[in-house]
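1. Here is my input, please return the structure:
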Amino acid sequence: MATATLMTKPLPTHPLPKRPLPAGWPRERYESHNRRLKAMRLAIALLDIGVYRPEHAHNRKIRAIALDIGVHPPSDTTCRLVRALLYDNC
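-> As a prediction, this is how the structure comes out:
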C-alpha cells in the first residue's frame, strides 16, 4: 500500500516581514483586504480546533476563537466571511 507524503514546504518559524499596502486605493479596498486577512486567520484557527463545517461555526464560537488568538472580535460581516471560507473547504 502506498503512503501519502506531504508535498508542501514547512512554514517558517519566524513571521514573514509585512509589506505596506500600495497607496492610492480607496478606503473600502483596504478595509476589505484586512477583513479577508482576519477571516482567513479565524478560519485557520477554527480548522485547527476541529470545526470543519460552517453550521458549527456560530458567531459566538468565532468571537471566542478571536480572543484566543489575540485579534479584535470580528463583526457579523467577518463572521459570515469565515463561514463562507469554511464552506469552500468542504
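2. Quick check: mean pLDDT of the top helix by length along the chain?
-> In the chain, assigned by DSSP state H, the helix with the most residues is helix 27-49. Mean per-residue pLDDT for helix 27-49: 93.
3. Report all helices and strands that that helix contacts.
-> When contacts are defined as 3 or more C-beta pairs under 8 Å, 6 or more residues apart in numbering; DSSP states H and E, helix 27-49 sits against helix 59-69, helix 76-89. Placement of C-beta: from N, CA and C, glycine included.
4. Of all these, which one comes closest to W25?
-> Proximity to W25, assessed across the helices and strands packed on helix 27-49 by C-beta to C-beta, is greatest for helix 76-89 (19.0 Å).
5. ok, back up a step: just want the angle from the longest helix of the chain to helix 76-89.
-> Helix 27-49 runs at 50 degrees relative to helix 76-89, counting by axes from the mean of the first three to the mean of the last three C-alpha atoms, to 10 degrees.
6. hang on, the earlier thing: can you list the helices and strands packed on helix 27-49 in CSV and add distance to W25, mean pLDDT and mean neighbour count?
-> Shown next, in CSV, are the helices and strands packed on helix 27-49 (distance: least, C-beta to C-beta, whole Å; pLDDT from 0 to 100; neighbours: other C-beta atoms under 10 Å):
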stretch, distance to W25, mean pLDDT, mean neighbour count
helix 59-69, 25, 94, 15
helix 76-89, 19, 89, 17
